[in-house]
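Novice: heads up, no residue letters with this:
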């Protein structure tokens, strides 16, 4: 979809649909909430509660072309700019430190905490252009994985004007890294369909193995240990898949259980991007092309709540994470991927970081307890030990 058409659709939604709904609301109120003699419950006409996220003011100057991978580690919030190869660290005192990794890798695609309290306590695992790397936030030492580049090039290698790179990834409840890829035509910037894959790294000394192929844009992956479910996103399919995740099962068994579960749309816009689960097992997905994050019921797949970005942020919502005390706050990244200066000026908050406080999340979910869960950590040692 072109930028102009996206702006047209957004205008229509704001200026036609909303006033129309409000007019209907007024009419129902005028007639004492009755249509054809039946009482109408206004609240039940729209079961999807909505709220608007707020800009994290201390991060406003750190605008990303492709903001992604927010994650809360200790008392710090980390996120990145994929295309700028920049990593940001926001401390509890609201200061922000920028790490520019362009000298090491063209892209940084995800951030994963490491299960270590000793020599690696300041180190994170990164997704990169070629695959995977360790990065020490204190010393700024960058250590690429010995298997890089990990992406399968095969006998019919990728054309020279195409690029394969890493994309979203997270650690599972056993401490293994699941990370996907994408392939882009560098001339047209188009994504190459069914050319990417999903990989698993079981310990740093192991070689990543490919567990899924025929993927277009490998994106959000998350787990809810309470009901043994894994959710996985290949964005252009416009739905979120579910897999049965039993810790004793082989990777092949887990992946063979993959099936479509949550339908997001009939096609772009929007498509699902990054995702997380909450304490109750609901799935929160950032919708690229809609400027929002939606909460989906884990059984029915229905939308039950929505967090909207401010209008000034545009529609490229990319990823979501829990953070803050007891992981009750919700953080959302955004983007202005491949936009012109005119487009960026039209949406001055596109590429910024946003937040919804725990209290507002509780009200949105009708819950008095913290909704978030801490991220799983990568185990440097293999689960097969």
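Specialist: All right, it came through fine. Just so we're clear, the structure is a prediction, and the values are computed from it rather than from any experiment. Numbers count the residues shown, from 1 in each chain.
Novice: is it true that residue 216 touches residue 235?
Specialist: Yes - with contact defined as C-beta atoms under 8 Å, residue 216 counts as touching residue 235 (7.1 Å). For glycine as for every other residue, the C-beta is placed from the backbone atoms N, C-alpha and C.
Novice: neighbour-wise, which of the two wins?
Specialist: More neighbours surround residue 235 than the other of residue 216 and residue 235, with 27 against 17 (other C-beta atoms under 10 Å).
Novice: does that one really touch residue 275, like I thought?
Specialist: No - the pair residue 235 / residue 275 is not scored as a contact, 10.7 Å apart, by C-beta under 8 Å.
Novice: if I pick the residue most central in space within the chain, what's in contact with it?
Specialist: The chain has residue 274 as the residue nearest its centroid, 1.7 Å off, counting by C-alpha atoms, centre = their mean. By C-beta atoms under 8 Å, 6 or more residues apart in numbering, residue 274 lies in contact with 68, 69, 168, 219, 220, 233, 285, 286, 318, 319, 320, 333.
Novice: Swap in 6 Å and give it another go.
Specialist: 220, 286, 319, 320 (C-beta atoms under 6 Å, 6 or more residues apart in numbering).
Novice: quick one: which of the residues you listed is nearest to residue 63?
Specialist: residue 319 (15.5 Å; C-beta to C-beta).
Novice: Roughly how far does that closest one sit from residue 342?
Specialist: 26 Å (C-beta to C-beta, to the nearest Å).
Novice: How about residue 380?
Specialist: 47 Å.
Novice: Those two - which one has more neighbours?
Specialist: residue 380 (16 against 8).
Novice: secondary structure element for the more buried one?
Specialist: Of the helices and strands defined by DSSP states H and E, none includes residue 380.
Novice: Hmm, it is touching residue 204, no?
Specialist: Yes - contact criterion C-beta atoms under 6 Å: residue 380 and residue 204 qualify, at 4.7 Å.
Novice: would you list the contacts of residue 274 in TSV and tack on secondary structure and pLDDT?
Specialist: Converted to TSV, those look like this (DSSP: H, G, I helix; E, B strand; the rest coil; pLDDT from 0 to 100):
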residue	secondary structure	pLDDT
220	strand	97
286	strand	98
319	strand	98
320	strand	98
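Novice: Which single one of those residues is nearest to residue 308?
Specialist: The closest of these, once distances to residue 308 are taken by C-beta to C-beta, is residue 286, at 11.6 Å.
Novice: Contact partners for the closest one?
Specialist: By C-beta under 6 Å, 6+ apart, the neighbours of residue 286 are 273, 274, 293, 317, 318, 319, 320.
Novice: Of the contacts of residue 274, which is the most crowded?
Specialist: Neighbour max across the contacts of residue 274 (other C-beta under 10 Å) = residue 286, 31 neighbours.
Novice: So what sits opposite that one in the bridge?
Specialist: residue 293 (DSSP bridges).
Novice: quick one: residue 50 and residue 306 touch, right?
Specialist: Yes - counting by C-beta under 6 Å, residue 50 touches residue 306, with 4.6 Å between them.
Novice: who has more neighbours, those two?
Specialist: Remark: of residue 50 and residue 306, residue 306 carries more neighbours, 17 against 12, as counted by other C-beta under 10 Å.
Novice: Contacts for the helix or strand that one falls within next, please.
Specialist: Following DSSP H and E, one finds residue 306 within strand 303-308. Applying C-beta under 6 Å, 6+ apart, the external contacts of strand 303-308 come out as 48-53, 292-295, 297, 356, 364.
Novice: any idea which helix or strand carries residue 342?
Specialist: helix 341-346.
Novice: Next, residue 104: secondary structure please.
Specialist: coil (DSSP: H, G, I helix; E, B strand; the rest coil).
Novice: now it: how far from residue 148?
Specialist: 11 Å.
Novice: When the two are compared, which one has more neighbours?
Specialist: residue 104 (19 against 16).
Novice: The more buried one contacts residue 142, doesn't it?
Specialist: Yes - under the criterion of C-beta under 6 Å, residue 104 makes contact with residue 142 at 4.3 Å.
Novice: can you give me the helices in this protein?
Specialist: Counting by DSSP state H, one finds helices in the chain at the ranges 3-12, 18-30, 42-45, 251-256, 341-346, 358-364.
Novice: Lowest average pLDDT across those helices?
Specialist: Note on the helices of the chain: lowest mean pLDDT is at helix 18-30, with a mean of 32.
Novice: In contact with the residue lying closest to residue 274 once chain neighbours are set aside, which residues?
Specialist: Closest residue to residue 274 apart from its sequence neighbours, by C-beta to C-beta, 6 or more residues apart in numbering: residue 319 at 3.0 Å. Residues in contact with residue 319 (C-beta under 6 Å, 6+ apart) are 68, 69, 70, 274, 286, 333.
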